[in-house]
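*Asks:* Could you work out the structure for the sequence below:
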Amino acid sequence: MARGSKTRRTKSHSHASGKKKRNATDQEEQQRGALVETPGQSSLSLLPLMILTDILLRLPFKTIFSCRCVCKTWLSILLDPVFAQMYRARAPSSIILQPQNDILKHYLYAVDLEASDSNNHAISISHYSNRVKFDTQTQLSPQNKLSLVDSCNGLILLCESFRMDLLAERLYVCNPISGEFVIVRPIRPNLPHWVSPRLGFCPKARKFKVVIFVNKENAADEKMPTDVYTLGREGGWRSVLMKYDVRSSVRDTTFLNGFIHFLWGRAIPELLIRSFDVENEKFQPVPPPPLLDSSLKTGGQSMSLGVLGGCLTLAEFPYDDGRCFHVWVMKEYGVQASWTKEWSIDVQIDIPMYSVPHCHIVGLLGNGDILILHHEKTLFSFNRANRTCKYHRIDKIHYFQALPYVPNFSSLSEFASGEDVFNARFRMF
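*Replies:* Model prediction:
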């Protein structure tokens with residue numbers, strides 16, 4: 001009996017030792033990121049955070065929005081500011097558009113172009129999977145229809161009854177994905193000058209700023225300051241003066257690497273492109289393509305700025321060739337010699353009589369095609385390899401304003417701490 005008891009104790013001791021070893025092995029595997037399921041859990045929920053984050057980064061923004069409701073872990077990942085930065089860096093170009101007809105103008109549509117119909121290239125605004133619909137009229141400004149003015153790092157700038165010659169009393173900085181918005185009241189509303197409100201972002205300080213450029217109308221005008229508002233508790237309005245060398249106006253802006261770039265003085269070629277340093281609140285010139293010098297003096301073309309692959313671009317549309325425009329790319333920022341005429345694109349579109357031809361580069365699609373908006377009515381992509389154009393029809397919308405847009409999944413409160421952040425009721429379809 002004693003021998004049997006000793007044998008049982010030995011087996012029991014061996015079993016306990018084996019269990020401890022298995023537990024230690026399980027802990028080591030978990031530390032290495034191995035999947036160890038427990039009752040009630042799926043393998044997907046047990047993926048290492050690094051792998052799960054990488055999977056989420058590859059999803060369309062509409063799908064990501066739905067993923068916020070899966071579990072607290074996924075929600076925590078999607079609300080992490082680092083995830084928002086990584087997603088914006090990797091995401092292909094999307095657009096946010098506002099119809100120009102009275103019936104639909106109070107709606108904004110964030111469109112995922114990768115989800116559009118690849119057979120007939122039609123983008124249906126009633127399609128569930130490819131857009132977010134946000135009603136500005138009933139949720140932000142009940143009495144007025146808001147105009148889409150600018151887009152920067154996932155936030156948009158809206159303005160009440162926007163007119164170039166009259167600044168409204170309220171501007172709205174809005175995250176259309178979360179439905180959050182902040183009201184900004186200009187310190188000098190109803191100025192008797194043309195104005196250009198814009199939105200910028202400071203990468204280092206992670207601050208958004210509303211910048212109101214006041215355009216000089218004639219040589220006798222006094223120097224008009226640029227008003228700058230920083231969102232947040234330590235923000236507020238400041239004024240910055242720019243030396244006006246010629247009669248000109250701020251137009252066709254684009255944001256890149258902390259600078260708001262804009263077309264300005266045509267009469268003097270070296271003043272064609274200028275930039276506003278959002279962080280330091282200073283103006284500086286940007287050298288234009290050198291071969292534009294002679295053509296600028298005649299004023300025989302329309303131009304627009306954009307960003308492609310992290311590089312500043314300029315689209316030149318000569319008046320004497322209403323079907324073809326040229327795309328210049330500044331491959332090394334600030335170096336004039338790095339400007340290269342990369343493509344000449346035949347848009348194959350009839351330009352209405354007495355209409356000024358104009359194309360705006362929106363960005364790059366996931367397949368590398370260049371997305372271009374023509375005359376606020378035609379959206380097409382240009383394949384750089386075979387040099388062909390593909391036209392994307394927007395169902396039920398004939399004229400629209402479209403801006404580059406990459407969703408921002410961070411809360412607006414993160415960038416506007418101390419501000420009154422309102423939450424509008426958004427609708428997803």
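
*Asks:* low-scoring pLDDT stretches of the stretch 101-250 of the chain, where are they?
*Replies:* Applying pLDDT under 70 to the stretch 101-250 of the chain picks out residues 112-145, 161-168, 189-193, 216-224, 243-249.

*Asks:* ok, which stretches of it are helices?
*Replies:* Ranges of helices within the stretch 101-250 of the chain are 136-139, based on DSSP state H, counting those that start in this stretch.

*Asks:* hey, where'd the strands end up in it?
*Replies:* Using DSSP state E, counting those that start in this stretch, the strands of the stretch 101-250 of the chain run over 107-111, 122-123, 131-135, 146-152, 155-160, 171-175, 180-184, 195-202, 207-214, 226-230, 236-240.

*Asks:* Switch those over to a markdown table; also include distance to residue 406 and mean neighbour count.
*Replies:* (Glycine included, C-beta is placed from N, CA and C.) Formatted as a markdown table, the strands of the stretch 101-250 of the chain follow (distance: least, CB to CB, whole Å; neighbours: other CB atoms under 10 Å):
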| stretch | distance to residue 406 | mean neighbour count |
| --- | --- | --- |
| strand 107-111 | 10 | 23 |
| strand 122-123 | 17 | 18 |
| strand 131-135 | 13 | 21 |
| strand 146-152 | 9 | 22 |
| strand 155-160 | 10 | 24 |
| strand 171-175 | 12 | 26 |
| strand 180-184 | 17 | 21 |
| strand 195-202 | 12 | 22 |
| strand 207-214 | 15 | 23 |
| strand 226-230 | 22 | 20 |
| strand 236-240 | 28 | 14 |
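
*Asks:* can you list those strands in JSON lines and add distance to residue 94?
*Replies:* Output for the strands of the stretch 101-250 of the chain, formatted as JSON lines (distance: least, CB to CB, whole Å):
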{"stretch": "strand 107-111", "distance to residue 94": "6"}
{"stretch": "strand 122-123", "distance to residue 94": "11"}
{"stretch": "strand 131-135", "distance to residue 94": "9"}
{"stretch": "strand 146-152", "distance to residue 94": "10"}
{"stretch": "strand 155-160", "distance to residue 94": "12"}
{"stretch": "strand 171-175", "distance to residue 94": "14"}
{"stretch": "strand 180-184", "distance to residue 94": "19"}
{"stretch": "strand 195-202", "distance to residue 94": "17"}
{"stretch": "strand 207-214", "distance to residue 94": "19"}
{"stretch": "strand 226-230", "distance to residue 94": "27"}
{"stretch": "strand 236-240", "distance to residue 94": "32"}
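
*Asks:* closest one to residue 277 among these?
*Replies:* strand 195-202 (9.1 Å; CB to CB).

*Asks:* Within the sheet, what are the partner strands of that closest one, with directions?
*Replies:* Under the criterion DSSP bridges, strand 195-202 sits next to strand 207-214 (antiparallel) in its sheet.

*Asks:* what's the angle from the partner strand to strand 171-175?
*Replies:* 150 degrees (axes from the mean of the first three to the mean of the last three CA atoms, to 10 degrees).

*Asks:* which residues touch strand 207-214?
*Replies:* 152-153, 155, 157, 167, 171, 173, 184, 186, 191, 193-202, 224-232, 235, 250, 260, 262, 276, 278, 415-416 (CB atoms under 8 Å, 6 or more residues apart in numbering).

*Asks:* Stretch 197-215: end-to-end distance?
*Replies:* Its start and end residues considered, stretch 197-215 measures 11 Å (CA to CA, to the nearest Å).

*Asks:* One more: stretch 185-197?
*Replies:* First-to-last residue span, stretch 185-197, CA to CA: 12 Å.

*Asks:* do stretch 410-419 as well
*Replies:* So stretch 410-419: terminal residues 16 Å apart, CA to CA.

*Asks:* Residues contacting that stretch from elsewhere in the structure, which ones?
*Replies:* Outside stretch 410-419, the residues touching it (CB under 8 Å, 6+ apart) are 79, 81, 84, 154-155, 173-175, 178, 180-182, 206-208, 231-235, 421.
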